[in-house]
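Pasting the sequence and the predicted model now:
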Amino acid sequence: MREKDKEVVVVPGNKEGGVDFGKEGLAEAKRERSLEVESVIEKLERQTKVDNQNQDQNDDINAGTVVSASDDQPAVTLPLTQNDMTQGQKMSVWESLRWLAEWAVRQVKKFHGRVEYHQEEDERS
């Protein structure tokens, strides 16, 4: 911090330059600080209590709900036919079809049982 940015506050004090509260003033300052801390703690406790009540309500609502992961999820359709995939895996690593086939193999492993291969136009009819 630069010298010109500092704000100077003059407080009457004792010989050492510190603030002289005296015994009563010091006790009052401690009491005020204690009340501030207590109010902050009470506020946090109230907020925690409200959060816990909301969580309990959500738990009660979701208690009877069972979600099945595989029932509602649609099938994944790959952009390759099975024939394209086997040909792509045999190609050089410099060919883009090779990498598309590698990606398709990964998708088959990831979505096991839900994968459909692309069908050519004459196969669809």
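Good, I have the coordinates. Quantities reported herein were computed from a predicted structural model and do not represent experimental measurements. Residues are numbered from 1 along each chain as shown.

right, and A104 touches P79 too?
Yes: assessed by CB atoms under 8 Å, A104 is found in contact with P79 at 7.4 Å. For every residue, glycine as well, the C-beta is placed using N, CA and C.

between those two, which one's more packed in?
Higher neighbour count among A104 and P79: A104, with 22 against 12, using other CB atoms under 10 Å.

quick one, what contacts the more buried one?
L78, P79, L80, M85, G88 (CB atoms under 8 Å, 6 or more residues apart in numbering).

Would you mind checking these for buried ones?
Burial by neighbour count, 16 or more other CB atoms under 10 Å: within those this picks out L78, L80, M85, G88.

wait, the third one sits on V105?
Yes: under the criterion of CB under 8 Å, M85 lies in contact with V105, with a separation of 7.3 Å.

quick one, strands of the protein?
All strands of the chain, identified by DSSP state E, fall at 76-77, 115-116.

Pipe those strands into CSV and attach mean pLDDT and mean neighbour count per row.
Compiled in CSV, these are given as follows (pLDDT from 0 to 100; neighbours: other CB atoms under 10 Å):
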stretch, mean pLDDT, mean neighbour count
strand 76-77, 88, 13
strand 115-116, 89, 13
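
now the ones you listed in TSV, with distance to N54?
Below are the strands of the chain laid out as TSV (distance: least, CB to CB, whole Å):
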stretch	distance to N54
strand 76-77	37
strand 115-116	40
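
List just the one of those that sits closest to N52.
Of all the strands of the chain, it is strand 76-77 that lies closest to N52, at 40.6 Å by CB to CB.

care to break the chain down by domain?
Split into domains by automatic domain parsing, the chain comes to 19-66, 76-124.

Most tightly packed of the ones you listed?
Highest mean neighbour count among those (mean count of other CB atoms under 10 Å): domain 76-124, with a mean of 13.

quick one, longest helix in the chain?
Ranked by number of residues, the top helix in the chain under DSSP state H is helix 22-62.

coming back round to it: comparing the domains of the chain by mean pLDDT, which bottoms out?
Looking over those, mean pLDDT reaches its minimum on domain 19-66, with a mean of 71.

Could you point out which of the contacts of A104 is nearest to V37?
Once CB to CB is applied, the member of those that ends up nearest V37 is L78, at 62.2 Å.
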